[in-house]
Structure formats: structure tokens, C-alpha cells
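> Next input, structure requested:
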Amino acid sequence: NKCCNEGLVHSEAVAPAKVGGLAGEITGTISGSSNTGTVSIRNTVATTNAPFIPVGGLVGYAYNVQFKSCEAEGEVVSNVASASYAGSAVGAFKGNSVTKMTFSNLTLAGNVTGVTGTKVGLLAGMIYDCAASSFAIKSAYIRVPDAKLNGTSVRSIAASSLFGDVGRATSVDISAVEFE
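The predicted structure follows:
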């Protein structure tokens with residue numbers, strides 16, 4: 001709780017990595033935390049044991065996480081072409097019928113970029129295996145004057161760009177999302 005990163009977080013791992021401004025992988029609650037630093041990854045290869053490579057402004061890989069009053073304003077960059085997911089808040093979220101992931105009072109304003117083949121999203125690069133009610137955005141404020149996804153202004157693509165990829169997700173509850 002109440003964590004802040006203002007510096008560069010960078011991985012050039014040969015083996016698969018999960019990279020985030022505050023944590024590579026997490027379960028639980030993140031409250032009152034922020035990232036304004038750049039988070040980046042390159043030279044990483046997916047394997048059978050780690051089939052995807054997530055990079056996120058707050059968290060690389062999230063499972064059963066609640067984000068409360070958090071800000072992700074740093075740049076997120078993935079230079080990995082295969083099986084890579086990049087998001088301003090979260091690189092990838094995996095759910096099931098029991099796990100829940102919620103965002104409340106979230107501010108997003110960072111640029112998210114990836115090479116060809118990277119799935120990029122303003123909120124999350126990927127959400128998958130989400131059953132009914134397992135993913136909810138209760139309140140989000142998304143500042144878009146400077147935010148870009150792969151060089152394209154978010155203002156022109158807005159809500160359709162919250163997620164880079166939605167795999168096997170049966171329900172995503174979104175309410176009170178405001179774009180500036």
C-alpha cells in the first residue's frame with residue numbers, strides 16, 4: 001500500500017519475465033499507489049512453462065487483485081514480438097470462477113507501445129479466463145490528451161482500447177469510466 005515508483009524498470013531477461021512498475025506478479029490489494037516511471041522489456045522469449053510475457057505500468061501479472069486509488073502515468077514499452085501483453089495498469093490478468101479483479105478510483109495517463117505482435121491496451125494488455133463478475137471497473141478516470149497506444153492517440157480510440165486482448169472472458173463489468 002502507498003507505494004510509488006518514479007524510476008525506470010527494465011528487463012532484458014533471456015528467460016520469460018513478468019515486469020511491472022510496482023510488482024512483477026501480485027495477488028491481493030494495491031491501494032494509494034502510483035507509477036510515473038517507464039516500464040520496459042526486451043530480449044525475452046516465451047516458453048512452454050511461461051507462455052506469455054506481460055509488462056504493466058503497475059503490475060506485470062495480476063491474479064485476484066483489487067486496485068484502489070492508484071495512478072499509472074508512466075510509459076510502458078514492450079519490444080517482444082511474440083506472446084507479449086502491455087497495459088498502462090496491468091500487463092495480463094488471469095481469472096476463473098472464484099477470482100475477482102476490480103479497479104476503483106483509477107487514473108491512467110501513460111503511453112503504451114509494443115512492436116508488431118504485442119497486444120496493447122490502455123488498462124490491460126490481456127484479460128483471460130474471466131467468468132461472470134470476475135472483472136470489474138468501478139470507477140476510472142482516464143486522461144487521454146497525451147496517452148497513446150502504439151503511437152495512436154487514445155482520444156480517437158477511447159473505450160475500445162481498454163484491453164489489448166480479451167480471451168475466454170464471459171463477463172467484464174465496466175461502470176463510471178470517464179475519458180478526458
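
> Surely residue 19 and residue 57 touch.
No. If you go by CB atoms under 8 Å, residue 19 and residue 57 don't touch, sitting 10.3 Å apart. For glycine as for every other residue, the C-beta is placed from the backbone atoms N, C-alpha and C.

> Need the overlap of contacts for the two.
Jointly contacting residue 19 and residue 57 under the rule CB atoms under 8 Å, 6 or more residues apart in numbering are residue 39.

> Neighbour count: those two, which is higher?
Taking other CB atoms under 10 Å, residue 19 and residue 57 do not tie; residue 57 has more neighbours (35 against 26).

> Any stretches of the chain with poor pLDDT?
Along the chain, segments meeting pLDDT under 70 span 14-15, 44-51, 95-100, 129-136, 138-160, 167-180.

> Near the residue lying closest to residue 59 once chain neighbours are set aside, how many other residues are there?
The shortest distance from residue 59 to any non-neighbouring residue, by CB to CB, 6 or more residues apart in numbering, is to residue 20 (4.1 Å). Around residue 20 there are 27 other residues, counting by other CB under 10 Å.

> Can you give me every residue that contacts residue 20?
Contact analysis of residue 20 by CB under 8 Å, 6+ apart lists 9, 26, 35, 39, 55-61, 90-91.

> want to throw these into TSV with distance to residue 2?
Output for these, formatted as TSV (distance: CB to CB, whole Å):
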residue	distance to residue 2
9	18
26	15
35	13
39	19
55	23
56	19
57	17
58	13
59	15
60	20
61	22
90	19
91	22
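
> Restricted to strands, list these.
Here DSSP state E is the test, and these give 9, 26, 35, 39, 55-56, 59-61, 90-91 as lying in strands.

> among those, which two are most distant?
Greatest spacing in the ones in strands among the contacts of residue 20, by CB to CB: 35 and 61 (15.3 Å).

> All good on my end, thank you.
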